[in-house]
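Peer 1: Quick one, structure for this:
(chains A, B, C and D)
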Protein chains: 4
Amino acid sequence: MSERTDVADWWRTKIIDMEPGRIALRGHPVQELIGNRGFAEMIWLMVTGEEIAGHRARIFEAALVAAVDHGPQAPSIAAARMAATCGIGLQSAMATGLNMLGDVHGGAGEQAVELYRRAEAAGPQALVDTLDLWRAEHGRFLPGFGHRFHKPVDPRAPRLLALVDEAAAAGEVPGGYADIGRAIEARLAAERGKPVPMNIDGATAVIYAELGCPPPLARGFFGLSRSVGILAHAWEQTEQGGRNKGPTPPAYRWTYDGP
Amino acid sequence: MSERTDVADWWRTKIIDMEPGRIALRGHPVQELIGNRGFAEMIWLMVTGEEIAGHRARIFEAALVAAVDHGPQAPSIAAARMAATCGIGLQSAMATGLNMLGDVHGGAGEQAVELYRRAEAAGPQALVDTLDLWRAEHGRFLPGFGHRFHKPVDPRAPRLLALVDEAAAAGEVPGGYADIGRAIEARLAAERGKPVPMNIDGATAVIYAELGCPPPLARGFFGLSRSVGILAHAWEQTEQGGRNKGPTPPAYRWTYDGP
Amino acid sequence: MSERTDVADWWRTKIIDMEPGRIALRGHPVQELIGNRGFAEMIWLMVTGEEIAGHRARIFEAALVAAVDHGPQAPSIAAARMAATCGIGLQSAMATGLNMLGDVHGGAGEQAVELYRRAEAAGPQALVDTLDLWRAEHGRFLPGFGHRFHKPVDPRAPRLLALVDEAAAAGEVPGGYADIGRAIEARLAAERGKPVPMNIDGATAVIYAELGCPPPLARGFFGLSRSVGILAHAWEQTEQGGRNKGPTPPAYRWTYDGP
Amino acid sequence: MSERTDVADWWRTKIIDMEPGRIALRGHPVQELIGNRGFAEMIWLMVTGEEIAGHRARIFEAALVAAVDHGPQAPSIAAARMAATCGIGLQSAMATGLNMLGDVHGGAGEQAVELYRRAEAAGPQALVDTLDLWRAEHGRFLPGFGHRFHKPVDPRAPRLLALVDEAAAAGEVPGGYADIGRAIEARLAAERGKPVPMNIDGATAVIYAELGCPPPLARGFFGLSRSVGILAHAWEQTEQGGRNKGPTPPAYRWTYDGP
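Peer 2: Prediction:
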């Protein structure tokens, strides 16, 4: 009934088509994808609508692998572990952690893609100006650089950049963003007189920039990746047991400084 | 200072070890994992602490691929699309959808693993009794079977079971849970006089049972898988635009049946 | 168009009716409620559809006031404070905390209402049997009793029960649940040889039982109440500042006990 | 041990102090608050650390009452109803809805407080310039004004403003923000040649501005208020039943417009 398509149109999508007994994802019958696509390839296909293969698939998978966890001091991991002791399901504990990946905690990847693109458009001679302008607009921290713990090097960054170099050498990504990332890292070290290492957001942003991702997807893909560590920790905590786990051992309280 | 380890011990973990410049995940330096492990392999390693390879890796990856999406009529997908129009970050929109994967919406995988294990322990001759006893305890629906839309067959189930058959023929999984799943499907069809198809929870539960997963991980892995579709839809909605998207076009209101 | 009411009927409700320029909540024009109802009265009206006044309103408001906070060692409060440093909105930080109020962390109120009703039906002579049967079914902890910190008395419980006594003396609640609560507390103290104090879930459950609430609403109302503390702490943390606040000071790490 | 206060200091707070058997909230023993403070007064005390009474308490309570619900077409309410059918707890269903109250869906209150303060600082003669400058910076919509449904008047706004007028007449709030709100509404109507009604965000922002709230608390208080409607709808849906409730009746699907 053509006059009633308004309700169906409200939920229109290019992602999935279904009839009873048939499911097609991005135009592919689901049974042809199962067993023939890797999970990382499937993620790219679902989110972008395009195929990914070869070196492009390899660096995308590397970005997903690299960001899975940074330990229980990270607020998202800590919160998921605490949630796992509160009597909610494992998925809700995962959601608790995932929900905390905001602008400050993982959001820098999106901003770093934008910074790299601006640096690419301005050209290498203008890098110092590009960085200064960014800081004039956004404040003194450059997204994707600096780590309060991993000094002088975050071990994930050089490995990810080496894979990008390989992909560029094979002609499968345009190249250049790894150079931009390294140039920013060098500039920051020169300015500060000490290393300001490229962090996980900065390194994966190189990959996402090379792959042509819209910047917000850097956040989304980080969310998928870190959800793995969140699940691993929530499950480990479940097996360890505990009820209403707080942030510190129960013998510790807090300092009250009120009236 | 040994007397202060209580605070560190409160967050003890076997998953991750770190020092400045060093990150080891399940005992592997992160830079050795990056580029050398697939994302699905990494998920298994992080969550279970064990390696997965060969046919075992293949069926695990197939389970992850199979469950990514079931369209915007699913409450988790619909909610994530609506959330994407409300001015929260992409990760928070993902968390909104993930948080809805409760006992009813995806939780059946965990229960199906338990049902299969009970059926395996009781043996094939006792299948009818096993099913009757389960229903006496839990109600008339068997977890993992029946679909309000995909009739007579959910296309994901036979494909996933065929991959399990291959893995069993290669001697890499014990085998038997695929048979149990098919036997339950046959029994239900005989009881009802019409197909009661194995659904995505029932089919992936066969895989998780073959892999020796603790039942709750069937929920956790489903959460990771469906998060892909949730991200894809949240991002598509973001690109489509919209503000405060409701469940139906704005011209539709609701039926008020109060005082 | 009568043939199209299926879409509107899918979202039918007795709670709210609207036309352009008109909003009625539970049958009352919103402008008549504004300025004429207290917030607690409004909560009761919205959720139950009924009016509340006098002593009944007073004890309901007392239950809401009593449960607002238990400090940053509570996982919900700690998580909300951490979330407030991650770059998500204040409401998302609130949702992070609220989502953690599961079966273990606040869910006991619902169970305690059920326990009290069972004890009321069985009568005071059968109390010991009622408690033993409950523990045979549910495990050794009785919901609503025992506190790992407040010993020998949780100061909220006697005050809340005194207000229930006043309401019963005025004939506005049936009475009896406060007695049941006190009798359970006395029985537990006799069994263990030390106080097992009625906690906030047990004390507010007395009120919800007196008011005739369906048990799950004890959870829902607790969620509204604790959301106040969650907001207060998330806001205080926002003003204190911090980025990616973890559970312990950064100098503390975790104990790694893996391979 | 003074050398160990770093752990306790990490969670320092002015909100709550505790010892076994003692709980003090903002300096008040909890048993003195229970039964002596209204829930709205308690919210203000907990969040701001200050007392509220008289007309100030009345307009704060009015703001909380006014915003509780806007029906199941609102994405937060719809999502909470869907969540209630997915097998997660009532609090998690509430969190699902609350998490969706982002910049677009309720965040306008915070922005409106900022707009009003700017208008107040610039003075009434400069109102047109103030509004033009705001729109040059933020886009063509002014926060707190305009409603796609309630035309020509949102019934909540004039009632809330009338209460503010009373409070100002009594000398308990400085006054002036209600005038600013009305002046903006008049200016917009003149510009567009049709009413652009002050909406719930704009009206409650007048109250929060009069009370001297930091702008972000307009978001937080809205979250508390709307949580009431979210709970009411989640509970009504629970009682109606349903499993995996989607956004439209199951007979409706979505329009597929992909490859």
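Peer 1: what residues does the stretch 51-200 of chain A put near chain C?
Peer 2: A:71-76, A:78-79, A:82-83, A:85-88, A:92, A:95-96, A:99-105, A:107, A:148-149 (Cβ under 8 Å from any Cβ of the partner chain). (Each C-beta comes from the backbone N, C-alpha and C, glycine too.)
Peer 1: Of the residues you listed, grab the buried ones for PyMOL.
Peer 2: If you want just the buried ones from these in PyMOL, going by 16 or more other Cβ atoms under 10 Å in any protein chain shown, the selection is:
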select buried, chain A and resi 71+72+73+74+75+76+78+79+82+83+85+86+87+88+92+95+96+99+100+101+102+103+104+105+107+149
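Peer 1: Show the contacting residues for residue A:230.
Peer 2: Residue A:230 makes contacts with A:76, A:77, A:80, A:93, A:94, A:97, A:98, as judged by Cβ atoms under 8 Å, 6 or more residues apart in numbering or on different chains.
Peer 1: Now it: closest residue in space, sequence neighbours ignored.
Peer 2: residue A:97 (3.9 Å; Cβ to Cβ, 6 or more residues apart in numbering or on different chains).
Peer 1: Just the CA trace of the one helix or strand that neighbour maps to, in PDB.
Peer 2: In the assignment (DSSP states H and E), residue A:97 maps to helix A:90-98. Extracted in PDB, the C-alpha atoms of helix A:90-98 (Å, rounded to 0.1, in the frame of the first residue of the first chain):
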ATOM      1  CA  LEU A  90      27.300  -8.900  31.200                       C
ATOM      2  CA  GLN A  91      26.100  -6.700  28.300                       C
ATOM      3  CA  SER A  92      24.900  -4.000  30.700                       C
ATOM      4  CA  ALA A  93      28.300  -4.100  32.400                       C
ATOM      5  CA  MET A  94      29.900  -3.700  28.900                       C
ATOM      6  CA  ALA A  95      27.600  -0.800  28.200                       C
ATOM      7  CA  THR A  96      28.600   0.900  31.400                       C
ATOM      8  CA  GLY A  97      32.200   1.000  30.200                       C
ATOM      9  CA  LEU A  98      31.500   1.800  26.600                       C
END
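Peer 1: Name the next helix or strand following it along the chain.
Peer 2: Next element after helix A:90-98 (DSSP H and E): helix A:108-122.
Peer 1: can you map out the strands along chain A?
Peer 2: Counting by DSSP state E, chain A has strands at residues A:16-19, A:22-25, A:28-29.
Peer 1: hang on, the earlier thing: surely the residue nearest to residue A:230 meets residue A:72?
Peer 2: No - using Cβ atoms under 8 Å, residue A:97 is not in contact with residue A:72; the gap is 10.9 Å.
Peer 1: Touching both of the two, which residues are there?
Peer 2: Contacts common to residue A:97 and residue A:72, judged by Cβ under 8 Å, 6+ apart, are residue A:233.
Peer 1: For the residue of the stretch 1-150 of chain A found nearest chain D, which non-adjacent residue is spatially closest?
Peer 2: Nearest residue of the stretch 1-150 of chain A to chain D (Cβ to the nearest Cβ) works out as residue A:14 at 3.2 Å. Excluding its sequence neighbours, the residue lying closest to residue A:14 (Cβ to Cβ, 6+ apart) is residue D:258, at 3.2 Å.
Peer 1: What is the neighbour count of the one you found?
Peer 2: 15 (other Cβ atoms under 10 Å in any protein chain shown).
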